[in-house]
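> okay, predicted coordinates and the sequence, questions at the end:
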Amino acid sequence: MLIRNARGWPLSGEADGDVELADVPVIDVRIGGGRITESAPGLRAVANEEEIDAGGCALLPGLHDHHVHLRALAAAQASVQVGPEQVRTAAELRSRLRSHDASRPAGAWLRCVGYHESVAGPLDRWALDRMLPGSDRPVRVQHRTGALWVMNSAALARLGLDVDGVADVAAADGAAAGAAGDESGVERDAGGRVTGRLWRMDRWLADRLPARSTDLTGALAEMSARAAALGVTGFTDATPGAGEGDVAAFAAAVADGTIAQRLVCMAPADVADIPVVSVAPGSAPGRFSLGPVKILLDDDTLPSLDDLADQVRQAHAVRRPVAVHCVTRVQLVLTLAALDVAGRLPGDRIEHGAVIPAEMVPVLCGLTVVSQPHFVAERGAQYATDVAPEDLPDLWRLRTLIDGGVAVAAGSDAPFGGADPWHVMRAATSRPADLGPGETVDPATAIRLFLGEHTAPGVPRLVAPGYPADLVLLRCPPWEAVRSLVSELASELASDLVAATFVGGDQVYSRYSG
């Protein structure tokens with residue numbers, strides 16, 4: 001393929017700030033064997049070479065979402081949204097649950113996502129039971145953080161969890177003998193009764209819920225197609241506790257073309273690389289790889305310094321970097337201490353970095369912080385009441401990290417944040433006056449948050465020979481793309497910028513096809 005008359009951008013990892021975007025030259029870009037083989041003005045076409053005229057528009061490395069939860073995102077498509085954006089009061093939540101209860105087949109699960117206490121306060125099984133009195137509909141509601149599921153009494157019974165805490169395995173959906181397993185995340189009240197609140201039990205639930213609850217393959221394909229239309233050519237899946245079966249399923253979804261993008265999958269240190277045999281046109285073995293070892297931290301269950309250092313050593317022993325979930329000050333302090341004890345490996349990452357005290361910025365140099373700058377826009381009202389006042393100045397740092405020499409990349413954290421990378425970029429350029437306006441970045445820097453290497457997010461990719469032909473062709477020149485991110489109509493304009501998307505040289509989206 002030969003893409004003619006394109007403005008390849010960014011020009012280099014460092015020089016863009018010294019170049020006016022209006023001066024970005026027009027070049028031709030040749031693709032072969034899944035990579036860029038030439039980029040120069042006036043290339044001559046060769047026999048049987050497909051040509052695309054970019055008309056002077058911007059050609060960028062494809063966007064890579066460096067932190068996303070693909071299965072949860074796919075499942076969210078078939079779920080009921082009950083966040084503050086959809087319902088604002090207990091009465092509205094009750095009405096929404098009853099409406100969906102009436103429209104679902106008898107016995108089918110009602111899966112709700114995005115809940116926050118600002119809607120109707122803390123939920124438990126009794127609160128959900130009151131919203132659907134006398135119903136045998138199993139209901140599960142996920143908190144917007146992803147850390148908590150709340151079940152009604154019917155759901156607890158279907159899961160084999162008796163309200164008095166005695167597991168009734170035979171009654172559980174899809175459960176086999178002995179399936180009760182580790183229930184350490186099951187919350188109980190002072191009398192020992194199950195409250196319906198299940199903490200960090202996604203794997204436990206996945207093993208017990210019926211596979212028929214969602215058409216995961218179709219949902220993944222739809223999710224992949226929508227991402228391609230946004231210019232996304234790669235994902236790093238950050239599903240906590242992903243096992244060998246999960247990784248194999250992801251590899252198969254890439255191999256058969258269900259997921260068109262390149263996929264890096266976080267997995268425990270004992271999960272080995274899985275060979276991928278390409279079975280679908282346009283898919284390729286090189287599109288799937290193992291990524292860092294994810295380490296999930298919660299303040300209530302923090303490991304000791306020695307235990308966390310051991311986890312880091314285990315990952316490094318198999319030449320895998322770590323990606324440590326850090327959303328509080330204490331989690332970050334513990335992680336940096338563990339890395340001091342165990343040593344660092346190139347590619348080690350801090351996931352989220354929601355609270356970073358200024359004095360810790362220099363210590364982060366050499367690591368990559370994978371941030372979600374859109375959370376300030378999406379959750380600003382909740383942060384004002386939920387976050388400790390002393391943490392507000394340190395919330396979701398961006399500009400100070402970059403100015404301090406820390407490598408920074410962005411991930412959507414979808415479905416726990418918005419999945420559109422252009423909205424993430426927009427949020428990075430604008431902050432509320434009371435939530436760190438000095439942390440904003442310019443639009444070109446915001447775009448580069450998604451242009452890092454798939455396995456090294458802090459290393460920029462370029463439109464240059466030797467790089468994978470993971471590319472996004474915009475409908476406008478670079479300077480118009482930048483202007484759209486700061487326009488008053490940015491929410492409507494930015495996601496509409498993409499004309500075509502290529503993964504490994506294969507066109508996976510075209511605005512003009514059909």
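Ah, there it is.

> so what sits opposite the spatially most central residue of the chain in the bridge?
The centroid of the chain falls nearest to residue 68 when counting by C-alpha atoms, centre = their mean (1.6 Å). Counting by DSSP bridges, residue 68 forms beta bridges with residue 237.

> these two touch, right, it and residue 417?
No. Between residue 68 and residue 417 there is no contact under C-beta atoms under 8 Å: 9.2 Å. Backbone N, C-alpha and C define where each C-beta goes, glycine included.

> still on that earlier bit, look up how far residue 466 lies from the residue nearest to the centre of the chain.
27 Å (C-beta to C-beta, to the nearest Å).

> what does residue 366 give?
For residue 366, the distance to residue 466 - C-beta to C-beta - is 25 Å.

> circling back to that earlier point, roughly how far does the residue nearest to the centre of the chain sit from residue 419?
With the distance defined as C-beta to C-beta, residue 68 ends up 7 Å from residue 419.

> cool, residue 328 as well?
Relative to residue 419, and taking C-beta to C-beta, residue 328 is found at 25 Å.

> quick one: the strands in the stretch 251-400 of the chain?
Counting by DSSP state E, counting those that start in this stretch, one finds strands in the stretch 251-400 of the chain at the ranges 262-265, 288-290, 293-295, 322-326, 349-352, 368-371.

> can you get me a residue count around residue 440?
For residue 440, the count of nearby residues is 18 (other C-beta atoms under 10 Å).

> can you tell me the helix or strand for the nearest residue to residue 83 once chain neighbours are set aside?
Computed as C-beta to C-beta, 6 or more residues apart in numbering, the closest residue to residue 83 that is not its neighbour in sequence is residue 114, at 3.1 Å. Using DSSP states H and E, the element containing residue 114 is strand 110-115.

> show me what counts as buried in the next helix-or-strand element following that strand.
Scanning forward in sequence from strand 110-115 by DSSP H and E, the next helix or strand is helix 117-120. Within helix 117-120, the residues scored as buried using 16 or more other C-beta atoms under 10 Å are 118-120.

> likewise stretch 363-378?
For stretch 363-378, the neighbour count (16+ other C-beta under 10 Å) marks 363-364, 367-378 as buried.

> with just CA atoms, put it into CSV.
Extracted in CSV, the C-alpha atoms of stretch 363-378 (Å, rounded to 0.1, in the frame of the first residue of the first chain):
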residue,chain,number,x,y,z
VAL,A,363,11.4,9.3,42.5
LEU,A,364,9.1,8.2,39.6
CYS,A,365,11.7,9.0,36.9
GLY,A,366,12.6,5.7,35.1
LEU,A,367,9.1,4.4,35.6
THR,A,368,6.0,5.0,33.4
VAL,A,369,2.8,6.4,34.9
VAL,A,370,-0.2,5.3,33.0
SER,A,371,-2.8,7.9,33.8
GLN,A,372,-6.6,8.6,33.3
PRO,A,373,-6.8,12.4,33.0
HIS,A,374,-10.5,12.2,32.0
PHE,A,375,-11.4,11.0,35.5
VAL,A,376,-11.2,14.6,36.7
ALA,A,377,-13.8,15.6,34.2
GLU,A,378,-16.0,12.5,34.7
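
> report the distance from it to the chain centre.
Relative to the centre of its chain, stretch 363-378 is centred 13 Å away, using C-alpha atoms, centre = their mean, to the nearest Å.
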